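Asker: sharing a sequence plus its predicted fold:
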Amino acid sequence: MALQEDLGGEPSCEPLPWGDVTTSFLIPEDTLGRAVLVARQPGILAGLEAVGLVCEQATRGVGSLTFEPLLEDGAELKAGSRLAVLSGLMHFILPVERTALNFVQHLSGIATMTRRYVEAVAGLSTQILDTRKTTPGWRILEKYAVRCGGGHNHRFGLHDAILIKDNHLAALSGESFVSIIRRARQGMGFGSAVKFVELEVDTLAQLDEALPAEPDIVLLDNMALGQMREAVRRRNAIAPGVLLEASGGVTLETVRAIAETGVDRISVGALTHSAPALDIGLDFVT
């Protein structure tokens with residue numbers, strides 16, 4: 001889909017450079033080249049396998065483009081680090097350049113942002129998790145990049161975990177948390193892929209009602225540090241098996257203090273929706 005988007009709709013039955021009018025018109029078909037993917041800044045690598053898949057799709061089995069990875073996803077990059085080598089006909093290298101870079105730059109940016117959050121809570125037991133705030137169609141890639149950066153994945157989508165949020169509670173007005181959690185666990189019996197039951201609370205009063213219901217996780221939404229510390233104290237006294245997850249407005253400047261309250265998990269939407277692309281280029285070499 002990415003290649004079609006860049007090269008003009010449906011591909012022809014021919015291999016590249018369908019749709020790349022610049023290369024088609026100006027570069028002789030037998031011109032050979034060799035190019036290196038190079039990091040322009042420090043970061044964490046993610047998405048290199050996607051580059052290989054782009055090259056494979058582009059050549060359609062012709063075998064006129066060789067992709068040679070030099071590193072593995074998760075590797076720490078320095079400015080100047082060489083990631084991979086592309087060699088073969090220029091009629092294959094030039095049309096895939098931007099598509100390949102789009103994948104590896106965006107995913108490496110997410111991995112790099114994630115690593116910063118993970119390092120910010122180093123020495124503590126708190127896990128850093130992503131959210132569903134992902135680019136449509138890219139979720140599996142972006143969540144993979146979070147793992148490359150040392151983070152953890154929250155639920156993949158609406159289908160694999162039960163997360164009862166404020167709007168669900170509004171629709172269930174009047175029903176107790178104990179009743180809601182009980183019905184949620186009954187529903188899990190009909191879906192083996194459902195991994196956990198989580199309940200969102202905004203106040204300590206809601207937490208007091210939620211803990212006896214014993215969901216797997218309680219999400220502390222936009223609570224102040226003092227409230228989170230008190231939430232941990234109450235959890236430890238009432239339901240020590242329930243995990244506490246902090247979420248809402250988390251930044252690199254605040255994540256350490258949040259983790260120090262004793263919460264088990266911190267979910268950060270910024271990992272996927274606000275990570276800047278890592279600067280990576282494709283340099284031709286002789």
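Answerer: The structure has been received and is ready for your questions.
Asker: drop to CA atoms for contacts and neighbour counts, all remaining ones
Answerer: Noted.
Asker: tell me how many other residues crowd the closest residue to residue 269 other than its chain neighbours.
Answerer: Spatial nearest neighbour of residue 269, excluding adjacent residues (C-alpha to C-alpha, 6 or more residues apart in numbering): residue 131 at 5.3 Å. Per other C-alpha atoms under 10 Å, the neighbour tally for residue 131 reads 21.
Asker: what distance do you get for residue 131 to residue 8?
Answerer: In this view, residue 131 and residue 8 are 33 Å apart by C-alpha to C-alpha, to the nearest Å.
Asker: same deal with residue 1?
Answerer: 10 Å.
Asker: more neighbours: which of the two?
Answerer: residue 8 (12 against 9).
Asker: how about stretch 60-69: buried residues?
Answerer: 64, 65, 66, 67, 69 (16 or more other C-alpha atoms under 10 Å).
Asker: and if you look at stretch 247-257?
Answerer: Under the neighbour-count criterion of 16+ other C-alpha under 10 Å, stretch 247-257 has 247, 250, 252, 255, 256 buried.
Asker: check the secondary structure at the third one for me.
Answerer: Read it as residue 252. coil (DSSP: H, G, I helix; E, B strand; the rest coil).
Asker: what residue ranges in the stretch 101-250 of the chain score low on pLDDT?
Answerer: The model of the stretch 101-250 of the chain has pLDDT under 70 over residues 190-192.
Asker: that older thread, looking at the buried residues of stretch 60-69, spot the one nearest residue 30.
Answerer: residue 64 (10.4 Å; C-alpha to C-alpha).
Asker: once you drop chain neighbours, what's closest to residue 104?
Answerer: Using C-alpha to C-alpha, 6+ apart, the closest residue to residue 104 is residue 47 (4.6 Å).
Asker: next, count neighbours for residue 168.
Answerer: A count of nearby residues for residue 168, using other C-alpha under 10 Å, gives 12.
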